[in-house]
Structures are given as structure tokens and as C-alpha cells.
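> kindly return the folded structure for what I paste below:
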Amino acid sequence: MLNRSSKQDLPMNRCLALGDFALPRTGGSTMIAHKTVLTTGEVAKLCNVAPRTVSKWFDSGQLRGYRIPGSKDRRIPIDQLVRFMRAHGMPLNGLDSGRRRVLVIDPDTSLCEAARSALGKASYDVATAAGALDAGAAACELKPNVVIVDVALADLPPHAVVRFFRTSGQVPAPKLIGIGIGLSDAQGQGLLQTGFDGYLRKPFEGRALLQLIEHVEETRKVAELI
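All right, here's what the predicted structure looks like:
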């Protein structure tokens, strides 16, 4: 049972705030199970070229990415690297695995790790954040398909979560699942009306979380077919 008991470089200016909360402009220690952004050195190893060659690709606009605010360091999102490698006939070496991505926002480290373990066994990539200060950075880094958030967080009210993810520019927008201790059906319905896609009362089994994620994801697939 998942019981209660807990930065990467920030791409683009949009990633500097979650809701009304300012975020730091430097990296940190958000736990990312699977990297979605690479350095020029990492790209060079994957493409079997010198780092300066990757820098030239970046500077000429052939390989899209961004610079770290306040420095000359470059970062390349995986999806942009995949597009570049495909266009130039380079082997992808598994970069386009298509694994689903989940962000868990909760200060309870034991719950986060239990969720990471349960979802990891189901082949999800998982990132965790303790609150607003690192959630925005993690979201921009991971580009999650599903976001799970403790709705009792004082610095991250439900309406701020919905506002951020529904206006983040990510297409499609991630599904939102609210979790909380003693969450009533009335409160859950309120979350749905606010813009959440599902809710779950703590504590819960890993199986229940996985089933809810699969349900909201399936709802997305059905909507896309209509």
C-alpha cells in the first residue's frame, strides 16, 4: 500500500513558473527516471561525433534546443534529437521507445518512491517533485502524459495546477489526477469540475493508481478517435 510519510535545467521561459510561483533558474535534484534532455556531450556520444560538431548543428538551427539561462550551455530535448537523427538517417538506438511519462507531485518521499516502483514495473517513466518550486522544472523536463498531485499542498492549489498544465502549450495536455488523505466523493467531483481527469483517496494500492492512470489515458485515446 502507498502510505503517507518527499532540478533540472529549465527549458524555455514558460518553465520558469508554475501557477503564480516563481522557480529558480538553475538545475537541481528532481529525480528523473529517464532523461528527456541531453547535453551536447551526450548527443555527441550518441551520434558518434565531436561535441563541437553538435554545437555547430545547434548554432546553425539544424538541431533545435535551448541555452541555459545565464550561461552558454546548450541542451537538446530528446524529441528534437530524434527528429534530427531520423532526417539524417542516423540509428536511433532506442531513443524513440515511446514510454509513457508520469509526474508525481507530493512531499511524501515514501509515497513517491512507492509510486515510482509500481509505475516503473509497468514501463512508465516517472519523475517526482515535492511542491511548486520543483514541479514546474520537472514538468518542463519530462513533458508528462499524466500528472499526479497531492491536492492538499498549500503552495499548489488545484486551480493553479489546472491553469498551468492547460496553458503550458504541451499537446496534448497531460491528464491530471488529484490525490489526498480523506478525499471525499464531493471533493473529488469538485476536482473534476475544476479540470482534473480523476482522483484517488490516500492511502491506495499501486494497482489502483495504475488502473486509474490507464483509465484516464484510455479516455484520451477515445476522445482522439471521436
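> mind pulling the model confidence for the residue nearest to Arg99 when sequence neighbours are not counted?
Using CB to CB, 6 or more residues apart in numbering and skipping the chain neighbours, the partner closest in space to Arg99 is Asp125 (5.0 Å). C-beta coordinates here come from the backbone N, C-alpha and C atoms, glycine included. Predicted confidence (pLDDT) for Asp125: 87.
> just the helices from this structure, written as ranges.
40-47, 51-60, 78-87, 109-121, 132-142, 158-166, 185-194, 206-225 (DSSP state H).
> which one of the ones you listed is the most hemmed in?
Of all the helices of the chain, helix 132-142 has the most neighbours on average by mean count of other CB atoms under 10 Å, namely a mean of 25.
> give me the helices and strands touching it, please.
strand 17-18, strand 21-22, strand 31-32, strand 101-105, strand 125-129, helix 158-166 (3 or more CB pairs under 8 Å, 6 or more residues apart in numbering; DSSP states H and E).
> please repeat the previous calculation with a cut-off of 7 Å.
strand 17-18, strand 101-105, strand 125-129 (3 or more CB pairs under 7 Å, 6 or more residues apart in numbering; DSSP states H and E).
> ok, residues contacting the second one?
So the one you mean is strand 101-105. 112, 115, 119, 124-129, 135, 138-139, 142-150, 156, 213 (CB atoms under 7 Å, 6 or more residues apart in numbering).
> what residues does stretch 176-188 touch?
Outside stretch 176-188, the residues touching it (CB under 7 Å, 6+ apart) are 4, 146-152, 158, 161-162, 165, 191, 195-202, 212, 216.
> tell me the average confidence for it?
94.
> could you chop this protein up by domain?
Listed domain ranges for the chain are 37-87, 99-225 (source: automatic domain parsing).
> okay, the helices and strands packed on helix 132-142 in JSON lines with mean neighbour count next?
Converted to JSON lines, the helices and strands packed on helix 132-142 look like this (neighbours: other CB atoms under 10 Å):
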{"stretch": "strand 17-18", "mean neighbour count": "20"}
{"stretch": "strand 101-105", "mean neighbour count": "26"}
{"stretch": "strand 125-129", "mean neighbour count": "26"}
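> okay, the angle between the longest strand seen in the chain and strand 101-105?
Using DSSP state E, we find that the single longest strand of the chain is strand 175-181. Put simply, strand 175-181 runs at 30 degrees to strand 101-105, going by axes from the mean of the first three to the mean of the last three CA atoms, to 10 degrees.
> just checking: what are the partner strands of strand 175-181?
Using DSSP bridges, strand 175-181 pairs in its sheet with strand 146-150 (parallel), strand 198-202 (parallel).
> buried residues, the last one. List them.
Right, strand 198-202. Neighbour-count burial for strand 198-202 flags Gly198, Tyr199, Leu200, Arg201, Lys202 (criterion: 16 or more other CB atoms under 10 Å).
> distance of the first one relative to Lys56?
Spatial separation of Gly198 from Lys56 under the definition CB to CB, to the nearest Å is 46 Å.
> repeat for the fourth one
Taken as CB to CB, the spacing of Arg201 relative to Lys56 amounts to 54 Å.
> what pLDDT does Leu63 get?
On the pLDDT scale, Leu63 gets 94.
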